[in-house]
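**Q** Here is a sequence with its predicted model. Questions after.
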Amino acid sequence: MTFREEKESVDSFVVASSQYIVVFEYEHKAYKALEIKISDFGVHSRITSCFVMQRAGVETKKKGSENELIIVTGHRNGAVYVWEGLTNRRTLIESGPPILFINAFDLGLIITTENSVLSFVKNPHCHIH
């Protein structure tokens, strides 16, 4: 599962495995890997789906305004988590049938489960790629 974002000075992509999320940023002619081990955040169910969004114009102390990656992960236990800034995890869905697929539509996210259940999650604050 990958995402690629192209800007003037930074080229980023995200790779997710069953237990890790890794954001690779290419800046100043070198890649830097930022890794999240989901168990460090109390998440012990395997990742089964990953979707990446971008929130434009987030103010930061270092670079002024920049785009923030928001990673949404679906899990074997039916949970869906939102990872913002690689350090903040919040729960979107607590549990249910295993998550198979997460995708975007105009107003938010579509989440499909193993039991063919569709959930629609409204997300007006993010620019979705």
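**A** That came in fine, so what should we check first? Residues are numbered from 1 along each chain as shown.
**Q** which residue is nearest the centroid of this structure?
**A** By Cα atoms, centre = their mean, the chain has its centre lying nearest to Ile71, at 0.9 Å.
**Q** tell me which element it falls in.
**A** Assigned by DSSP states H and E, Ile71 falls within strand 64-75.
**Q** picking that back up, against Ala30, how distant is the residue nearest to the centre of the chain?
**A** Going from Ile71 to Ala30 by Cβ to Cβ, to the nearest Å gives 22 Å. Any C-beta I mention is one placed from the backbone N, CA and C, and that applies to glycine too.
**Q** Also Ile111?
**A** Between Ile111 and Ala30 the distance is 36 Å, computed by Cβ to Cβ.
**Q** Am I right that Gly86 is in contact with Lys37?
**A** Not Gly; residue 86 is Leu. No: using Cβ atoms under 8 Å, Leu86 makes no contact with Lys37, being 11.3 Å away.
**Q** contacting residues for the residue nearest to the centre of the chain?
**A** Counting by Cβ atoms under 8 Å, 6 or more residues apart in numbering, Ile71 makes contact with 14, 16, 21, 23, 50-53, 82-83.
**Q** quick one: which of those residues is nearest Asn103?
**A** Phe51 (6.5 Å; Cβ to Cβ).
**Q** returning to that earlier point: who has more neighbours, Ile111 and Ala30?
**A** Comparing Ile111 with Ala30 by other Cβ atoms under 10 Å, the one with more neighbours is Ile111, at 24 against 7.
**Q** Name the next helix or strand downstream of the lowest-mean-pLDDT helix or strand in the chain, please.
**A** Least confident helix or strand, the chain: strand 2-6 with a mean of 51, by mean pLDDT, DSSP states H and E. Proceeding N to C from strand 2-6, the next assigned helix or strand is strand 10-16, under DSSP H and E.
**Q** in the helix or strand that that next one is followed by, what counts as buried?
**A** Once strand 10-16 ends, the next helix or strand along the chain (criterion: DSSP H and E) is strand 20-27. For strand 20-27, the neighbour count (16 or more other Cβ atoms under 10 Å) marks 21, 23-25 as buried.
**Q** Kindly report the same for stretch 103-117.
**A** Buried residues in stretch 103-117, defined by neighbour count with 16+ other Cβ under 10 Å: 104, 108-109, 111-113.
**Q** Since that was my last question, I'll sign off now.
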